[in-house]
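Participant: would you be able to build a 3D model of this:
(one chain, ligands or ions: 2)
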Amino acid sequence: MSKRTRVFRVDPKAPQPEAIAVAGRTIRAGGLVAFPTETVYGLGANAFDDAAVAKIFAAKGRPANDPLIVHIARIDQLPQVAKGIPAQALELSRRFWPGPLTLVLEKAERIPANLTAGLDTVALRMPNHAVALALLRSANTPIAAPSANQFSRPSPTSARHVIDDLDGLVDVLLDGGLTPIGVESTILSLVDDPPRVLRPGGIPIEALREALPDLHYEPAYLADDVSPAPAPGNMLRHYSPRARVILFAGADDAEVYAAMRAEIAGHKRVGLLASDADAVEFADLEIPIERLGADADAAARRLFAALRSLDQQGMDCILARAPAKTGLGLALWDRLLRAAAGSLVEVPAGHTD
Ligand code: TXA
Ligand code: MG
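Facilitator: Residues are numbered from 1 along each chain as shown. Ligands and ions are numbered 1, 2, ... in the order given. As a prediction, this is how the structure comes out:
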């Protein structure tokens, strides 16, 4: 497509009203706007306009059985987009919104069927980002927005990533710099009893458990071609860079490093994702190492950019170490496992002799 994408640089804390007005009008007119949220960039369209929603699927190359998330600016918009809203939903939204928590509720009639992939439920959230909220107010309508990447590519955490995947396919891009959290929202189904986490993300499960002691989470990864997806979006191959990713798990540092070194030796163009501490162990090797920082929060901010960067450097294999599954580590582990399409090496503890 030869259409031009209009890019506006905006202040992430206080976006320029002129740019927001253009973007808001674009949404009203049935166009596509890419915008930053606190998690990742979204590819937005008017949630009540099924033709505009169809453009999202086309631009991303997203299968029709993978439903979108609807973004709202105020809790009092909930009745426009959902029905039979349980008290629990109101409590959680007051506690966690705006923020990276997506609630799955029964959908309102006005939500078009293509948005929810034919389901009678809808995923909803209020993003905690001044640009996203300003856009929602300006458009004056709920906005359907998946992550603004080509389907199955790592999610975009910068405007550059959006351009790399969707240049010419989106009408307006609001460039608000890097997204502060870096992994997508936590998705919580309130149509399940007990409530169930469908995707770990920006709100740690530990924080949700304080509000919902009986919360359920069981990772369910499906093969690619299951259709219709019983738990949408749980296809295992997801967030994948072009390179093959191999994940190494194990508590014994020395054994894990040894296993990773053995794997590295067997590849020509191999790169590493490593915490600052782990990176030191591989400093003698002449391979690209993407440092993910000192903790899970830093790693979440950098993960998708690091995967894209190693791809761009032409790696055909990327090795990473599985993080501890606490806090944002659980979301990291989930994204890495998907990027690795299940390629997980469990390294047993060694014996000292
Ligand atoms: O942080 C985020 O959630 C970002 C930003 C842009 O808000 N959005 C995002 O959207 O990650 P996306 O499309 O990449 O992921 C949406 C996922 C679907 O793949 C599916 O797993 C789940 O949300 N989903 C949507 N509607 C659902 C429903 N009715 N029932 C169950 N899961 C649903
Ligand atoms: Mg996505």
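Participant: all contacts plus neighbour counts: C-alpha atoms, from now on.
Facilitator: Will do.
Participant: show me where the stretch 101-250 of the chain dips below the pLDDT cut-off.
Facilitator: For the stretch 101-250 of the chain, applying pLDDT under 70 flags the ranges 220-239.
Participant: in it, which spans are strands?
Facilitator: 101-107, 121-125, 143-144, 172-175, 186-189, 196-199, 244-249 (DSSP state E, counting those that start in this stretch).
Participant: and for A324, the neighbour number?
Facilitator: Other residues within reach of A324 by the criterion other CA atoms under 10 Å amount to 15.
Participant: now it. Nearest residue, chain neighbours left out?
Facilitator: In space, and not counting its chain neighbours, A324 is closest to L330: 7.1 Å by CA to CA, 6 or more residues apart in numbering.
Participant: what's the first helix or strand after the helix or strand harbouring the one you found?
Facilitator: Secondary structure from DSSP states H and E places L330 in helix 329-339. Next helix or strand after helix 329-339 toward the C-terminus (DSSP H and E): strand 344-346.
Participant: from what I see, V170 and G30 are in contact.
Facilitator: No. Counting by CA atoms under 8 Å, V170 stays clear of G30, with 11.4 Å between them.
Participant: so which of those two has more stuff around it?
Facilitator: V170 (25 against 19).
Participant: does any bit of the lengthiest helix in the chain sit next to ligand 1?
Facilitator: Criterion DSSP state H: the longest helix present in the chain is helix 296-312. No. If you take CA under 6 Å from any ligand atom as the test, helix 296-312 misses ligand 1, and the best it gets is 12.3 Å.
Participant: quick check, distance from that helix to the centre of its chain.
Facilitator: Centroid separation for helix 296-312 versus its chain: 12 Å, with CA atoms, centre = their mean, to the nearest Å.
Participant: can you check stretch 241-259 too?
Facilitator: Per CA atoms, centre = their mean, the centroid offset for stretch 241-259 relative to its chain is 23 Å.
Participant: okay, it in CSV with CA atoms only?
Facilitator: What follows is stretch 241-259, C-alpha atoms only, in CSV (Å, rounded to 0.1, in the frame of the first residue of the first chain):
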residue,chain,number,x,y,z
PRO,A,241,11.4,-13.0,16.2
ARG,A,242,12.6,-14.5,12.9
ALA,A,243,15.4,-16.2,14.7
ARG,A,244,14.9,-19.4,16.6
VAL,A,245,14.8,-18.8,20.4
ILE,A,246,15.9,-21.3,23.0
LEU,A,247,15.1,-20.8,26.6
PHE,A,248,17.3,-22.3,29.4
ALA,A,249,15.8,-23.0,32.8
GLY,A,250,17.7,-24.1,35.9
ALA,A,251,18.7,-22.9,39.4
ASP,A,252,22.3,-24.0,39.1
ASP,A,253,24.1,-21.0,37.5
ALA,A,254,27.3,-22.9,36.6
GLU,A,255,25.3,-25.7,34.9
VAL,A,256,23.0,-23.3,33.0
TYR,A,257,26.0,-21.3,31.8
ALA,A,258,27.7,-24.5,30.7
ALA,A,259,24.6,-25.7,28.8
